[in-house]
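Engineer: Fold the following, please.
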Amino acid sequence: MRSYAEEQRQRHERDRMADQNPTGLSPGQHRSVLRLTEPAGHEPPPGPSGQQPDKPLP
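Structural biologist: So this is what the prediction gives:
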């Protein structure tokens, strides 16, 4: 997802520099996508299988 977001940000910049209606992700949209792909500070890292470890019920 991060590489796709970067490609879209570059597309937006190329369109803008060519005085075309920009497509792709604006810099703000790009930052939002990157934040979505980062684990939150309160979440444990994924387990070896890529899945979140089970949490005990309260």
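Engineer: next structured bit after the strand or helix carrying E7?
Structural biologist: Taking DSSP states H and E as the definition, E7 sits inside helix 2-17. Of the helices and strands lying after helix 2-17 in sequence (DSSP H and E), the nearest is helix 27-37.
Engineer: Show me what that following helix is packed up against.
Structural biologist: helix 2-17 (3 or more CB pairs under 8 Å, 6 or more residues apart in numbering; DSSP states H and E). No exception for glycine: its C-beta is placed from N, CA and C like everyone else's.
Engineer: and the helix it packs on, what does it pack onto?
Structural biologist: Contacts defined by 3+ CB pairs under 8 Å, 6+ apart place helix 2-17 against helix 27-37.
Engineer: Could you tell me which residues within the helix it packs on count as buried?
Structural biologist: Residues of helix 27-37 classed as buried: H30, V33 (neighbour count, 16 or more other CB atoms under 10 Å).
Engineer: how about the helix holding E7: buried residues?
Structural biologist: By neighbour count with 16+ other CB under 10 Å, helix 2-17 contains the buried residues A5, Q8, R9, H12, E13.
Engineer: thought R16 was touching P22?
Structural biologist: Yes. Using CB atoms under 8 Å, R16 makes contact with P22 at a distance of 4.8 Å.
Engineer: And Q20, its phi and psi?
Structural biologist: The phi/psi pair for Q20 (degrees, to the nearest 10) reads phi -110, psi 160.
Engineer: That one: neighbour count?
Structural biologist: 9 (other CB atoms under 10 Å).
Engineer: Which residues lie in contact with S26 in this structure?
Structural biologist: Residues in contact with S26 (CB atoms under 8 Å, 6 or more residues apart in numbering) are R9, H12.
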